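Enquirer: This is a predicted model, with the sequence first.
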Amino acid sequence: MHSKQPSMRLTTLQQRETLPQVSLSGTKRVVGGGLLPLTLLFAVLLHLSFFMIIDLRPDEADSTVKKTSALNVSFYSIKKQAPSPEPVVKKALPKEVPQQTKVSLKAKPLQKTMVKTDKTTPLPITEKNIPAKSVNVTVEPQPEPSAPVIQASATKPDLPNFSDTAFLKTKYRDTVREIIAANKKYPVRARRRGIQGSVTVAFSVYTDGVVSNTSVEGSSGFDILDKTALQILAESSPLPAPPEQMDFTVPISFKLN
């Protein structure tokens, strides 16, 4: 039995020694045939992929860091914009102030109206508005004996009194002459040349006061003065209403002082 065991070990050792020789020779043949470049390419690709993975990892880390930093900046900007609603409270405060001033302004016209009401109370005095003065003006020029005649004319308008009409006519003539004298204007050309003269003008006055039938009865010898005299009559029309239709001849004098 002991003789057989070492023989078996020798056989196994021989088999082990022989097997690698066969495998090594086989590999050498295969490598020498064309597998060597393929293995080299495969090894190079593995190395490249490994380096690519290592290069990509820090980029991803940097991108995450950048994203977090950007988010942090946005949060800071939002916090800075938070105090914006504060000036709204400041604007609301001055609005209350003009309301008080408006109330004070409205209170002032109330006092003025009260003063006006006090002023209106003494107005009902009608002493100044009494038309007695106008009546006295028409009655003053009348003589004493004609007073009862006025009462008779008021009661009997159908019977005219000739003495009253004559007095009214003379009074009316005086008023017409005063109106013409007030409207008289010296022509500028005649004043420069030193022209003087008197123009006698004839005209009629209807019952409504309209002046018509104007003409020059006595010329001054200068057309400028004659034309201005007729122009004065045109500007004086209409005159106050006469008691009846009347004819006039009035001299208008132009003299330099």
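Expert: Nice, thanks for sending it over. Everything quoted here is computed from the prediction, not taken from an experiment.

Enquirer: got the contact list for residue 172?
Expert: Contact analysis of residue 172 by CB atoms under 8 Å, 6 or more residues apart in numbering lists 240, 242-243, 246. (Glycine included, C-beta is placed from N, CA and C.)

Enquirer: mind listing which of those residues are in strands?
Expert: Counting by DSSP state E, these place residue 246 in strands.

Enquirer: ok, the contacts of residue 172 vs residue 192, which is closest?
Expert: Of all those, residue 240 has the smallest distance to residue 192: 35.3 Å, by CB to CB.

Enquirer: Over to the residue nearest to the closest one when sequence neighbours are not counted. Which of the three states is it?
Expert: Sequence neighbours aside, residue 209 is the residue nearest to residue 240 in space, at 5.7 Å (criterion: CB to CB, 6 or more residues apart in numbering). Recorded secondary structure, residue 209: coil (DSSP: H, G, I helix; E, B strand; the rest coil).

Enquirer: dump the residue contacts of residue 195.
Expert: 189, 222, 224-225, 254.

Enquirer: now do residue 228
Expert: Neighbour list for residue 228: 185-187, 190, 254 [criterion: CB under 8 Å, 6+ apart].

Enquirer: Phi, psi for it please.
Expert: phi -70, psi -30 (degrees, to the nearest 10).

Enquirer: Could you report the separation of it from residue 185?
Expert: 7 Å (CB to CB, to the nearest Å).

Enquirer: Ok, residue 249 next?
Expert: Taking CB to CB as the measure, residue 249 falls 21 Å from residue 185.

Enquirer: hmm, back to that, of the contacts of residue 228, which is the most crowded?
Expert: Using other CB atoms under 10 Å as the neighbour test, the contacts of residue 228 are led by residue 254, with 21 neighbours.

Enquirer: which non-adjacent residue is nearest it?
Expert: Going by CB to CB, 6+ apart, residue 254 has residue 225 as its nearest residue, at 5.3 Å.

Enquirer: Spell out the secondary structure type for that neighbour.
Expert: When classified by three-state DSSP, residue 225 comes out as helix.

Enquirer: my read: it touches residue 187, true?
Expert: Yes. Using CB atoms under 8 Å, residue 225 is in contact with residue 187, at 7.1 Å.

Enquirer: Quickly list what's touching both of these two.
Expert: By CB under 8 Å, 6+ apart, the residues touching both residue 225 and residue 187 are residue 254.

Enquirer: low-scoring stretches of the stretch 101-250 of the chain, by residue?
Expert: Along the stretch 101-250 of the chain, segments meeting pLDDT under 70 span 101-163.

Enquirer: mind listing the strands in the stretch 101-250 of the chain by residue range?
Expert: Taking DSSP state E, counting those that start in this stretch as the criterion, the stretch 101-250 of the chain contains strands spanning 197-205, 211-218, 246-254.

Enquirer: Which strands and helices lie in contact with the shortest one?
Expert: Counting contacts by 3 or more CB pairs under 8 Å, 6 or more residues apart in numbering; DSSP states H and E, strand 211-218 packs against strand 197-205, helix 223-236.

Enquirer: same thing with the first one?
Expert: When contacts are defined as 3+ CB pairs under 8 Å, 6+ apart, strand 197-205 sits against strand 211-218, helix 223-236, strand 246-254.

Enquirer: what about the residue nearest to residue 254, distance to residue 236?
Expert: 17 Å.

Enquirer: Then residue 249?
Expert: Distance, residue 249 to residue 236, using CB to CB: 15 Å.

Enquirer: again with residue 185
Expert: Residue 185 sits 12 Å away from residue 236, going by CB to CB.

Enquirer: Can you give me the first-to-last residue distance of stretch 234-249?
Expert: This stretch, stretch 234-249, spans 15 Å end to end (CA to CA, to the nearest Å).

Enquirer: Just the buried residues of it, please?
Expert: Applying a neighbour-count criterion of 16 or more other CB atoms under 10 Å, one finds 236, 239, 242, 246, 248 buried in stretch 234-249.

Enquirer: what does stretch 176-186 give?
Expert: 176, 179-180.

Enquirer: Thanks a lot, see you next time.
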